[in-house]
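In: how would this look folded up:
(one chain, ligands or ions: 1)
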Amino acid sequence: MNLHIFKSVAELNENLIIYVIDIANKAIASKGRFDFVLTGGNSPKELYKELSTTFKDKIDWNKVYFFFGDERSVLPNHKDYNGLMAKENLFDNLNTPTNHIFYVDTTLSPEKAAIAYKKALDEHFKGEEITFDLILLGMGDDAHTASIFPHTNLVHNQHETVAAVWVEKLNTHRISLTAPLINKAKNVAFITFGENKANALKHVIADEEKDFEMYPAQLIKPQSGNLDWFVDESATNFLNL
Ligand SMILES: O=C1O[C@H](COP(=O)(O)O)[C@@H](O)[C@H](O)[C@H]1O
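Out: I've put the predicted structure just below:
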């Protein structure tokens, strides 16, 4: 695991952009496309904006396919829909063709949306093992990642790749990639900043004895891929560095 600590969020984003560009170009050079899983929430907005404007010419975007690590159970035009955030900050700037974007279809029930998403992934990967080139993840201050929330069934889901989950504390369903699927990726990178994430970060990174129920982000441990954490100094307040 590589922990990259930056003085500011701006510096974090600058470095994460370089990291994404490098992985994208290597994937395109070796297999002709880049399979890129996006994280939702607020943390990646600036990253997406910068990548698709200032750094637009650094990647051949025609060869990029976008996926989502998780989605909220709201309709696609709702402000909380992760796909809408990505559209506004990334896809619209790139004029991304719709057949390169794998949105979660939240017009379906959560269970059906998860099944449909899995089917779309299987088709894209032509029945072979689903191995993303890069999965970007955020982490909540409760140590959830993607939509693997503490004390939910998803923490224990070892046999599925995409699943619907009921999140009691939010009184809502989510649709999420599971930890076993995330752990098959070639590269996984967390974007985590802010003092409010410091306690979760300490437990996820530094606890010798794991407690996946409490800190689901501890489940993320790529089998043979790379794991990189991009964090700002304030998120490391409780780490003994
Ligand atoms: O609900 C979610 O939260 C996490 C963290 O979001 P952030 O706003 O704290 O960055 C995010 O990674 C996930 O995709 C999202 O659905």
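In: Show me what from the protein comes close to the ligand.
Out: Where the chain comes near the ligand, counting by C-beta under 6 Å from any ligand atom, the residues are 39-43, 69-70, 72, 82, 137-138, 140, 147. To be clear about C-beta, it is placed using only N, CA and C from the backbone, and glycine gets the same treatment.
In: So which of these are in strands?
Out: 70, 72, 137 (DSSP state E).
In: ok, back up a step: would a markdown table of the residues of the chain next to the ligand with pLDDT and distance to F238 be doable?
Out: Output for the residues of the chain next to the ligand, formatted as a markdown table (pLDDT from 0 to 100; distance: C-beta to C-beta, whole Å):
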| residue | pLDDT | distance to F238 |
| --- | --- | --- |
| T39 | 98 | 23 |
| G40 | 98 | 25 |
| G41 | 97 | 21 |
| N42 | 97 | 21 |
| S43 | 98 | 19 |
| G69 | 98 | 25 |
| D70 | 98 | 26 |
| R72 | 98 | 29 |
| N82 | 98 | 28 |
| L137 | 99 | 20 |
| G138 | 98 | 19 |
| G140 | 98 | 16 |
| S147 | 98 | 25 |
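In: Of the residues you listed, keep whichever come out buried.
Out: Using 16 or more other C-beta atoms under 10 Å as the burial test, the residues of the chain next to the ligand include 39-41, 43, 69-70, 72, 82, 137-138, 140, 147 as buried.
In: Contact partners for N82?
Out: Applying C-beta atoms under 8 Å, 6 or more residues apart in numbering to N82 gives the contacts 38-41, 68, 70-72, 104.
In: and what of D122?
Out: I130.
In: Give me the mean pLDDT for the one helix or strand it maps to.
Out: Per DSSP states H and E, D122 falls inside helix 110-124. For helix 110-124, the mean pLDDT works out to 98.
In: Quick check: of the contacts of N82, which lies closest to H151?
Out: Nearest to H151 among the contacts of N82, counting by C-beta to C-beta, is D70 at 16.7 Å.
In: My read is that the closest one contacts H173, right?
Out: No - using C-beta atoms under 8 Å, D70 is not in contact with H173, being 11.0 Å away.
In: related to what we said a few turns ago, next, format the residues of the chain next to the ligand as CSV and append distance to L239.
Out: As requested, those are arranged in CSV below (distance: C-beta to C-beta, whole Å):
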residue, distance to L239
T39, 22
G40, 25
G41, 22
N42, 22
S43, 19
G69, 24
D70, 26
R72, 30
N82, 28
L137, 18
G138, 18
G140, 18
S147, 25
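In: out of these, which one sits closest to L108?
Out: Nearest to L108 among the residues of the chain next to the ligand, with distances taken as C-beta to C-beta, is R72, at 13.8 Å.
In: contacting residues around that closest one?
Out: Going by C-beta under 8 Å, 6+ apart, the list of residues near R72 reads 40, 78, 80-82, 106, 147, 172, 174.
In: ok, now with 7 Å
Out: 80-82, 174 (C-beta atoms under 7 Å, 6 or more residues apart in numbering).
In: could you pull out the helices for the chain?
Out: Using DSSP state H, the helices of the chain run over residues 9-31, 45-52, 82-86, 92-94, 110-124, 179-182, 198-206.
In: possible to save those helices as TSV with distance to A164?
Out: Converted to TSV, the helices of the chain look like this (distance: least, C-beta to C-beta, whole Å):
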stretch	distance to A164
helix 9-31	29
helix 45-52	26
helix 82-86	15
helix 92-94	28
helix 110-124	4
helix 179-182	14
helix 198-206	24
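In: Quick check: buried residues in the helix holding D122?
Out: The neighbour-count check on helix 110-124 (16+ other C-beta under 10 Å) flags 110, 113-115, 117-118, 120-121 as buried.
In: Redo the ones in strands among the residues of the chain next to the ligand as JSON lines? Include distance to H151.
Out: Putting these into JSON lines (distance: C-beta to C-beta, whole Å) gives the following:
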{"residue": "D70", "distance to H151": "17"}
{"residue": "R72", "distance to H151": "19"}
{"residue": "L137", "distance to H151": "19"}
